[in-house]
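S.K.: Turn this into a structure:
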Amino acid sequence: MTSREKIIDWLNDAHAMELALEENLVRHAKDAEGDVTVQARIEQHVEETRRQAEIVRGCVETLGGEVSGSKDAFAKMFGAMQGMANRPMADTMVKNALADYAAEHFEIACYRALIDACEEIGAQDVSVRLTEILREEEAMARFLEQKLPGAVRTALADAA
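M.R.: Numbering: from 1, shown residues only. As a prediction, the model looks like this:
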């Protein structure tokens, strides 16, 4: 396998990751109905995630590959199951925030690795598109980090 083929494989993983997270985020937005700020930001990130999946698809094609249908199908199924895992629980917002925060950091790591890999093979145009995605993931991670303490306080108050 060439370096380009390996990067295409990793991009397919990233595409599948975005599809799985979209399913999960849609459920988390519904769970956040009591907090309009969180719900709106998650809904915004759902749209970002959909766009990111299309950008990653374009990156795969730019490098001469095709998006993997089997990875995508498995990812959507996994995302749907994961999105239901915390329901119905009194501390759903905390568990969702933890899962989303962890997912954002996983995405950040994936995109940093992909950016480095693309730069290594001289695919600067792909690297630039992935850097745009990375910035959105970092912004969402910061938002979740700011909101986590409030979710914890609310869950503890509800338990008292």
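S.K.: So residue 64: helix, strand or coil?
M.R.: coil (DSSP: H, G, I helix; E, B strand; the rest coil).
S.K.: How many residues are close by residue 160?
M.R.: Using other CB atoms under 10 Å, residue 160 is surrounded by 5 other residues. Every residue, glycine included, has its C-beta placed from N, CA and C.
S.K.: Which pLDDT value does the model give it?
M.R.: pLDDT, residue 160: 81.
S.K.: which residues does it contact?
M.R.: Residue 160 is in contact with no residue at all, counting by CB atoms under 8 Å, 6 or more residues apart in numbering.
S.K.: if I look at it, how far off is residue 31?
M.R.: Distance of residue 160 to residue 31, given as CB to CB, to the nearest Å: 21 Å.
S.K.: and the gap between residue 130 and residue 38?
M.R.: 27 Å.
S.K.: Compare those two and say which one has the larger neighbour count.
M.R.: Ranked by neighbour count (other CB under 10 Å), residue 130 and residue 38 place residue 130 first, with 27 against 23.
S.K.: Next one: the more buried one from residue 7, what distance?
M.R.: Separation of residue 130 from residue 7 (CB to CB) stands at 10 Å.
S.K.: quick one: least confident helix or strand in this structure?
M.R.: In the chain, the helix or strand scored least confidently by mean pLDDT, DSSP states H and E is helix 69-84, which has a mean of 55.
S.K.: Tell me which helix or strand comes right after that helix.
M.R.: Once the chain leaves helix 69-84, the next helix or strand it forms, by DSSP states H and E, is helix 92-120.
S.K.: What are the buried residues along that following helix?
M.R.: By neighbour count on 16 or more other CB atoms under 10 Å, the buried set for helix 92-120 is 92-101, 103-104, 107-108, 110-111, 114-115, 117-118.
S.K.: And stretch 49-61, by the same measure?
M.R.: Residues 49, 52-53, 55-57, 59-60 are the ones in stretch 49-61 that count as buried (16+ other CB under 10 Å).
S.K.: of all those residues, which comes closest to residue 134?
M.R.: Set against residue 134, the nearest of the buried residues of stretch 49-61 by CB to CB is residue 52 (9.9 Å).
S.K.: what about the helix or strand containing the closest one, distance to the chain center?
M.R.: In the assignment (DSSP H and E), residue 52 maps to helix 36-62. Chain-centre distance of helix 36-62: 8 Å, with CA atoms, centre = their mean, to the nearest Å.
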